[in-house]
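> dropping the sequence and predicted coords here.
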Amino acid sequence: MSSLGNIGVLLGGAWTSGINLYLTIALLGIANRLGVIELPGNLGVLSNLAVITLAIIIYLIEFFADKIPFVDSAWDSVHTFIRPVGGALLASSALSNSPPAVQVAGAMVCGTVALDAHLTKATTRVAINSSPEPFTNSIASVTEDGLVFVALWLAWKHPVITIILVLAFVVFSIWFLKIMFRFLKKVFRFLTGNNEDNDPEDDCE
């Protein structure tokens, strides 16, 4: 695989790790085991049957937890520490044949991308949970899993497009997260009975 292809897989894998780390590991491992893709560096360990099995088991637990309002938010809270670290470790393993400085830089970048994707997912889910109907949560969960499949396929087949899309997502998410945090603050004020809007940032816009 070319250097550009490796970057596409790294960024695509980091982004999907922030959405669903266990599905990402399972899909990469299965694809490598079947010979569909060739994973760089030490990522070949993902094709180990024990790794694939464990990833699928935890993914199935997450699959059902992700469909239950508020349980999904609790799960996301715990994974604020797990998904970014997982994305960083995957990058470090993929760059195992590179100089240490490149490995550290790659881990930092991919960990940041995974954290950004995770925060975007988690804040969106909290906002969805503010709605009384239960169906939007399940739709969002299935959509996220579908995005993992599409993003990993795209990373392998069209790495340049993947790089552009991931960078565009990061830029978009900076604006999106700011809007979502402001919305969630208003929801929290409403739920706690404090409806006074004293946020100077809201007054400025």
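Yes, it's here.
> all helices for the chain, in order.
Along the chain, counting by DSSP state H, helices occupy 3-33, 49-65, 71-78, 82-94, 100-129, 135-157, 159-192, 200-204.
> go through these and name the closest to residue 42.
Among the helices of the chain, the nearest to residue 42 by Cβ to Cβ is helix 82-94 (4.4 Å). For every residue, glycine as well, the C-beta is placed using N, CA and C.
> any chance of the helices of the chain in JSON lines, plus mean neighbour count?
Output for the helices of the chain, formatted as JSON lines (neighbours: other Cβ atoms under 10 Å):
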{"stretch": "helix 3-33", "mean neighbour count": "24"}
{"stretch": "helix 49-65", "mean neighbour count": "15"}
{"stretch": "helix 71-78", "mean neighbour count": "15"}
{"stretch": "helix 82-94", "mean neighbour count": "23"}
{"stretch": "helix 100-129", "mean neighbour count": "19"}
{"stretch": "helix 135-157", "mean neighbour count": "16"}
{"stretch": "helix 159-192", "mean neighbour count": "14"}
{"stretch": "helix 200-204", "mean neighbour count": "8"}
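> which stretch among the ones you listed comes nearest residue 43?
helix 82-94 (4.8 Å).
> residues making contact with the closest one?
Helix 82-94 is contacted from outside by 6, 9-10, 13-14, 17-18, 21, 24-25, 39-43, 45, 103-104, 106-115, 117-118, using Cβ atoms under 8 Å, 6 or more residues apart in numbering.
> just send the helices of the chain back as JSON lines, with mean pLDDT too.
Below are the helices of the chain laid out as JSON lines (pLDDT from 0 to 100):
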{"stretch": "helix 3-33", "mean pLDDT": "92"}
{"stretch": "helix 49-65", "mean pLDDT": "95"}
{"stretch": "helix 71-78", "mean pLDDT": "87"}
{"stretch": "helix 82-94", "mean pLDDT": "94"}
{"stretch": "helix 100-129", "mean pLDDT": "90"}
{"stretch": "helix 135-157", "mean pLDDT": "90"}
{"stretch": "helix 159-192", "mean pLDDT": "79"}
{"stretch": "helix 200-204", "mean pLDDT": "50"}
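> spatially speaking, which residue is in the middle of this structure?
Among the residues of the chain, the one closest to the centroid is residue 18, at 1.7 Å (Cα atoms, centre = their mean).
> so that one touches residue 115, yeah?
Yes: taking contacts as Cβ atoms under 8 Å, residue 18 lies within contact range of residue 115: 6.5 Å.
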